[in-house]
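Predicted structure and sequence below. I'll ask about it afterward.
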Amino acid sequence: MTATAPGGAEDTAADRFLAQLQAFEGRPAATTGQGKDPVNEAMIRHWCEAMGDANPAYTGPDAIAPPTMLQAWTMAGLSGHSARSGAYDELLGLLDGAGCTSVVATDCEQEYLRPLRPGDTVTFDAVIECVSPRKTTRLGSGHFVTTRMDIRVGGELAGTHRFRILKYAPAAPRPAGPPPAAPSRRPERPRRPRPVVNRDNQGFWDGVRDHRLLIQRCASCATLRFPWLPGCNACASLDWDTVEACGEATVFSYVVMHHPSFPAFDPPYAVALVELAEGVRMITNITGVPYDAVRIGTPVRLEFLRVDEDQELPVFRGEAEG
Ligand code: ZN
């Protein structure tokens, strides 16, 4: 017997669960969906501008839509649509129940069968195509779930969009210290990215150097603004002076960064949007409180954190719960 072969009873339970998951293969994930808008020139133009794609095929009287826009025509927007099936929710619920409570989109694949042109109205349905056996990844272990959406115009298949997620149980946090995979080559820790300092925000960074957090104030209408900008959003005046923040603030909102990890940062950590007593808001880090104890409304106080030999940053310290 090898050490990697688990007991028979355990195998059976895992096999049974996988069979239960794979029974969803072939069931609908979305039915009788309809594109919110017909294929149209305005969305094509915005897409091409955002992508920097100047291909002449996408403009003019014979324009087609960029094939990679396929999914855009099916998107639900903020108001959602009613095409999503109960089977997909049921499958995700089963995985939740088995501890696979986290989700990450991993990849998509598309096939293009017929060009889409302005005026086409798309319909779509989606099927749960595949649920993988349990896989272990750096994020944790779980199952890949692939759905395939068929997109049609007038009943004719125009393209397919396969979308894959990993539903997983998060791995235990890394132990402190160097990662075990590469103990022998621990390069010097990369430095945080440098802020871009230019003539529009030089005054802010001068303030940071002197341990003062400066907020711009419009010299015409007295509206405060942050971050620093050349002009006033309220009255368009280019004249300004500054007020120094008193340093009191509260957490207005926050996210906890787990992934992806950047070399100069140690996830997980909280990135907060704090509201200063003066009323403007600022994105910053919270010190003095563990990342999972940061809460909306937490009172915090300005301090200056030296992150390396030539960089200090304004951050906000919370009071740890006694
Ligand atoms: Zn103004």
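Now that the structure is in, tell me what you want to look at.

What residues does the stretch 151-300 of the chain have near the ion?
Along the stretch 151-300 of the chain, the residues adjacent to the ion under the rule CB under 5 Å from the ion are 218, 220, 221, 223, 232, 234, 235, 237. (C-beta placed from N, C-alpha, C; glycine too.)

Give me the pLDDT for the fifth one.
When you say that, I think you mean residue 232. With respect to pLDDT, residue 232 has a value of 94.

Hmm, it is touching residue 224, no?
No: the criterion here is CB atoms under 8 Å, and residue 232 misses it with residue 224 at 9.9 Å.

shared neighbours, those two?
Overlap of the contact sets of residue 232 and residue 224 (by CB atoms under 8 Å, 6 or more residues apart in numbering) consists of residue 218.

low-scoring stretches of this protein, by residue?
Where the chain drops to pLDDT under 70, the residues are 1-10, 81-83, 174-187, 321-322.

can you map out the strands along it?
Listed in chain order, the strands found in the chain under DSSP state E are 28-34, 102-112, 122-131, 135-136, 140-153, 156-170, 214-218, 224-225, 240-244, 248-257, 269-276, 281-287, 299-308, 311-318.

Run a quick neighbour tally on residue 255.
Residues contacting residue 255 under the criterion other CB atoms under 10 Å number 11.

State the distance from it to residue 116.
35 Å (CB to CB, to the nearest Å).

Next: residue 44.
Shown here: residue 44 relative to residue 116, a distance of 9 Å by CB to CB.

what is in contact with the two at once?
Common neighbours of residue 44 and residue 116 (criterion: CB under 8 Å, 6+ apart): 65, 69.

Looking at residue 232 and residue 224, which is more packed in?
Legend: neighbour count by other CB under 10 Å for residue 232 and residue 224, higher for residue 232 (21 against 18).

For that one, what are phi and psi?
Comment: the main-chain dihedrals of residue 232 come out as phi -90, psi 130, following degrees, to the nearest 10.

Provide a list of residues in contact with it.
Under the contact definition (CB under 8 Å, 6+ apart), the residues listed for residue 232 are 218, 220, 221, 223, 225, 238, 240.

With adjacent residues omitted, what lies nearest to the third one?
This means residue 221. Of all residues not flanking residue 221 in the chain, residue 235 sits nearest, at 4.5 Å (CB to CB, 6 or more residues apart in numbering).

Look up how far residue 93 lies from the one you found.
Look at residue 235 and residue 93: by CB to CB, they are 53 Å apart.

try residue 32
When residue 32 is compared with residue 93 (using CB to CB), they lie 23 Å apart.

Look up the residues forming beta bridges with residue 303.
residue 315 (DSSP bridges).

okay, how far is it across stretch 222-235, tip to tip?
10 Å (CA to CA, to the nearest Å).

Just the buried residues of it, please?
223, 224, 225, 226, 228, 232 (16 or more other CB atoms under 10 Å).

which two from those residues end up farthest apart in space?
Of all pairs drawn from those, the one with the largest separation by CB to CB is 223 and 228; the distance is 13.3 Å.

Could I get the contacting residues of residue 135?
Under the criterion of CB under 8 Å, 6+ apart, the neighbours of residue 135 are 141, 142, 143, 144, 166.

could you redo the last one with a cut-off of 7 Å?
If a contact means CB atoms under 7 Å, 6 or more residues apart in numbering, then residue 135 has 141, 142, 144 as its contacts.
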